[in-house]
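I'll drop the sequence and a predicted model, then ask my questions.
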Amino acid sequence: MLPHSPAPSSTDTHEFVPEKGPATSFIGPPPVQIRVVFGALSHVGLVRKNNEDHYGVVQRIRSRRVLLTNAPEEEMPPTQEEAYALVVADGMGGEAFGELASRVALKAAWELGGRDNKWLIHGPGNERSGEEEMEGQLQIFGRMLNEALRDRVALQPEAAGMGTTLTVAYTLGQRGFVAHVGDSRAYLIRGSEIKRLTSDHTLAEEMLASGASPAEARLYHHVLSNCLTSEGRSVSVEFRPLRLESGDRLLLCTDGLSDLVLDREILATVLPATSPQLACDDLVTLALERGGRDNITVVIGQYEFS
């Protein structure tokens, strides 16, 4: 059994049935009941001396309760919503500073997320406008994360040139999004199918799009064309909206897994696992059996709705 940090597990339940009428048609259906279970594992691999990957699973809670009113209190019952963020970051910049870069990005994302008071809006007809606003906000976040890396280099000049990937899946109820920079990946597993939700931001992918042969592009497989960096280059955050169904699994991983394990093999490993944590354990074991050339990190969230 591989050693791993305890993975968070959470049950999220909402049950509020508003009185039918104009207000109901405006705000949409009541929130569904949700149960989410997570697993996560990060391993240094068999070649590297230290682990430059970092991950996080974050729960965010918003609640309301009436303190004073002369209206019937049963018409305004207490409510609580819980959002979840799954995050992986794969640093680069040498043995010491790749680890530092991914940790700085994770810490900065935590701080920026705590200052943001916007949530996805549930109401019908406003999904697209809310997604456009969120995408614009994420582009700003990307620039601020770059600034956080530059600020750290100002304190530690020897870390100049460090950078990191960052992939985030954020969910609130059945809605959510993936925000992504670099070549770590996010997948959606639904039923017996797996779908990659992110593209690899590498020079190899750009060459293939321009007509280069796979053999030519393969030489640049690990050259990132878009990442968070301390060097002042611009960053573009890839954004993809999500709508989840009961039984869906979101899987985030670094290239230490995806370089060695094919998508169909990821699916074949996750489906029979009895928990997200066991699935993470099995995937890391498989990557290690194939050489473990890089750090390996996997995070899985399994969603049930009723």
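Arrived safely, thanks for sending. Numbering: from 1, shown residues only.

Distance of the nearest residue to Ser275 once chain neighbours are set aside relative to Val237?
With C-beta to C-beta, 6 or more residues apart in numbering as the criterion, Ser275 has its nearest non-adjacent residue at 6.3 Å, and that residue is Gly39. Yep, even glycine has a C-beta here, placed from its N, CA and C like the rest. Distance of Gly39 to Val237, computed by C-beta to C-beta, to the nearest Å: 26 Å.

so where's the longest helix in the protein?
Scanning the chain for the longest helix, with DSSP state H as the assignment, gives helix 127-155.

Name the residues of that helix that come out as buried.
By neighbour count on 16 or more other C-beta atoms under 10 Å, the buried set for helix 127-155 is 130-131, 134-135, 137-138, 141-142, 145-146, 148-149, 152-153.

which residues in this structure form strands?
9-12, 34-43, 53-64, 79-92, 163-164, 166-172, 175-181, 185-190, 193-196, 228-229, 238-243, 249-253, 296-305 (DSSP state E).

The fifth one pairs with which strands, parallel or anti?
This means strand 163-164. strand 79-92 (antiparallel), strand 228-229 (antiparallel) (DSSP bridges).

Show me how far the longest one is from its chain's centre.
If I follow you right, that is strand 79-92. Remark: strand 79-92 is offset 6 Å from the chain centroid, using C-alpha atoms, centre = their mean, to the nearest Å.

Buried residues, it. List them.
Here strand 79-92 shows 81-92 as buried, counting by 16+ other C-beta under 10 Å.

would CSV of those with distance to Leu224 and pLDDT be doable?
CSV is the format used below for the buried residues of strand 79-92 (distance: C-beta to C-beta, whole Å; pLDDT from 0 to 100):
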residue, distance to Leu224, pLDDT
Glu81, 36, 88
Glu82, 34, 91
Ala83, 29, 93
Tyr84, 27, 96
Ala85, 23, 96
Leu86, 21, 98
Val87, 18, 98
Val88, 15, 98
Ala89, 13, 98
Asp90, 10, 97
Gly91, 12, 96
Met92, 8, 93
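
from those, which is closest to Leu166?
In terms of C-beta to C-beta, no member of the buried residues of strand 79-92 lies closer to Leu166 than Ala89, at 4.9 Å.

list the contacts for the closest one?
53-55, 101-103, 105-106, 164-167, 184 (C-beta atoms under 8 Å, 6 or more residues apart in numbering).

Tell me the spacing between the closest residue to it other than its chain neighbours and Arg152.
Using C-beta to C-beta, 6+ apart and skipping the chain neighbours, the partner closest in space to Ala89 is Ser102 (3.8 Å). Noted for Ser102: a distance of 12 Å to Arg152, by C-beta to C-beta.

Ok, Phe305 next?
From Phe305 to Arg152 the distance is 40 Å (C-beta to C-beta).

Repeat that for Glu135.
27 Å.

Do I have it right that Glu245 meets Gln302?
No: here Glu245 does not reach Gln302: they are 11.9 Å apart, not a contact under C-beta atoms under 8 Å.

out of those two, which sits in the more crowded spot?
Per other C-beta atoms under 10 Å, whichever of Glu245 and Gln302 has more neighbours is Gln302, with 21 against 12.

ok, the more buried one touching Pro276?
Yes: contact criterion C-beta under 8 Å: Gln302 and Pro276 qualify, at 5.1 Å.

Mutual contacts of these two, please.
37-38, 249.

Dump the residues you listed to a markdown table, plus distance to Ala159 and pLDDT.
Formatted as a markdown table, the shared contacts of Gln302 and Pro276 follow (distance: C-beta to C-beta, whole Å; pLDDT from 0 to 100):
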| residue | distance to Ala159 | pLDDT |
| --- | --- | --- |
| Val37 | 37 | 98 |
| Phe38 | 31 | 98 |
| Arg249 | 36 | 98 |
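
Which of these are buried? Put it as a PyMOL command.
Burial among the shared contacts of Gln302 and Pro276 is assessed by 16+ other C-beta under 10 Å; the matching PyMOL selection reads:
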select buried, resi 37+38+249
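
Can you give me the neighbour number for Ala186?
24.

Apologies, that question was intended for Tyr220.
17.

now Gly232
Counted by other C-beta under 10 Å, the residues lying close to Gly232 total 10.

Hmm, Leu149 and it touching each other?
No: using C-beta under 8 Å, Gly232 is not in contact with Leu149, being 9.6 Å away.

Counting neighbours, what do you get for the residue nearest to Asp200 when sequence neighbours are not counted?
Excluding its sequence neighbours, the residue lying closest to Asp200 (C-beta to C-beta, 6+ apart) is Asp183, at 4.3 Å. Using other C-beta under 10 Å, the number of residues around Asp183 comes to 26.
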